[in-house]
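S.K.: with the input below, show me the fold.
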Amino acid sequence: MSDEPTEKVDSSAPPAPREADGWALFSTLLAGVLVWSGIGWGLDRLLGFQALFLPIGAVLGLVGAVVLIVAKTRQV
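M.R.: Prediction:
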């Protein structure tokens with residue numbers, strides 16, 4: 001063993017971002033929009049509308065995905 005002091009690790013610092021984290025957040029955003037757009041499209045087809053629920057589903061999916069992404073990134 002050497003007499004040199006060991007380096008202390010700061011446990012309060014956030015972890016360094018990884019490339020996989022970005023792809024995971026992007027896929028969450030994409031999946032939210034696609035799934036809820038699909039639900040809206042299905043409701044349009046089922047109820048006989050041209051394009052009423054599709055844009056509503058897309059917006060709901062986008063907002064929900066952004067909320068989920070913010071919640072994921074604020075976790076420690």
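
S.K.: quick one: the helices in this protein?
M.R.: In the chain, the segments counted as helices under DSSP state H are 19-47, 53-74.

S.K.: pull the number of nearby residues for the nearest residue to residue 50 once chain neighbours are set aside.
M.R.: The spatial neighbour of residue 50 that comes closest, neighbours along the chain excluded (C-beta to C-beta, 6 or more residues apart in numbering), is residue 44 at 7.0 Å. In short, each C-beta sits where N, CA and C put it, glycine included. As a burial measure, residue 44 scores 18 neighbours (other C-beta atoms under 10 Å).

S.K.: check contacts around residue 44.
M.R.: Applying C-beta atoms under 8 Å, 6 or more residues apart in numbering to residue 44 gives the contacts 50-54.

S.K.: how far away is it from residue 73?
M.R.: Plainly put, residue 44 is 33 Å away from residue 73 if you go by C-beta to C-beta, to the nearest Å.

S.K.: any idea how far residue 75 is from residue 47?
M.R.: Per C-beta to C-beta, residue 47 is found 38 Å from residue 75.

S.K.: and those two? Which one has more around it.
M.R.: The neighbour comparison of residue 47 against residue 75 (other C-beta under 10 Å) goes to residue 47, with 9 against 5.

S.K.: chain neighbours aside, what residue packs nearest to that one?
M.R.: Among residues not flanking residue 47 along the chain, residue 53 sits closest, at 7.6 Å (C-beta to C-beta, 6+ apart).

S.K.: now do the contacts for the one you found.
M.R.: The neighbourhood of residue 53, defined by C-beta under 8 Å, 6+ apart, consists of 39-41, 43-44, 47.

S.K.: tally of neighbours for residue 28?
M.R.: Counted with other C-beta under 10 Å, residue 28 comes out at 16.

S.K.: just residue 71 next, same as before
M.R.: Using other C-beta under 10 Å, residue 71 is surrounded by 9 other residues.
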